[in-house]
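[1] Pasting a predicted model and its sequence here:
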Amino acid sequence: MILLLKPPSGSEAFMDKWVVAIGLALVVGSGLLYMAVARPYRYSDDVGEDDAIEVAAKLRAMRERRR
């Protein structure tokens, strides 16, 4: 990450030097803004956890009924 953010030494153009840092700032900034405004983590309480075995059993049962 540090090597990507470090501006190249041979270029004098502003965008050539700082395009990666500007892109990173935009992505991180928009992600933080989204988390602050939409608060998606508040709505994930009803998402099932540890139910993979139960779901797999239901899928196997559905396959067996088709045969």
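    Nice, I can see it.
[2] For Ala52, see how far away the residue nearest to Pro40 when sequence neighbours are not counted is.
    Using Cβ to Cβ, 6 or more residues apart in numbering and skipping the chain neighbours, the partner closest in space to Pro40 is Tyr34 (7.7 Å). (Each C-beta comes from the backbone N, C-alpha and C, glycine too.) Computed as Cβ to Cβ, to the nearest Å, the Tyr34 to Ala52 distance reads 28 Å.
[3] same check, this time on Tyr43
    Tyr43 sits 22 Å away from Ala52, going by Cβ to Cβ.
[4] for Arg65, same thing?
    Counting by Cβ to Cβ, the gap from Arg65 to Ala52 is 21 Å.
[5] same question, Leu33
    Distance from Leu33 to Ala52, by Cβ to Cβ: 33 Å.
[6] sorry, back to before: so which strand or helix has the residue nearest to Pro40?
    helix 14-38 (DSSP states H and E).
[7] hmm, who's touching that helix?
    Leu4, Leu5, Pro7, Pro8, Ser11, Pro40, Tyr41 (Cβ atoms under 8 Å, 6 or more residues apart in numbering).
[8] Mind doing that once more with 7 Å?
    Leu4, Leu5, Pro7, Pro8, Ser11 (Cβ atoms under 7 Å, 6 or more residues apart in numbering).
[9] Rank the residues you listed by pLDDT and give me only the lowest.
    In terms of pLDDT, the lowest of the contacts of helix 14-38 is Ser11, showing 72.
[10] secondary structure class for it?
    Judged by DSSP: H, G, I helix; E, B strand; the rest coil, the three-state class of Ser11 is coil.
[11] Could you check how far the nearest residue to it once chain neighbours are set aside is from Leu33?
    Using Cβ to Cβ, 6+ apart and skipping the chain neighbours, the partner closest in space to Ser11 is Lys17 (5.9 Å). Look at Lys17 and Leu33: by Cβ to Cβ, they are 26 Å apart.
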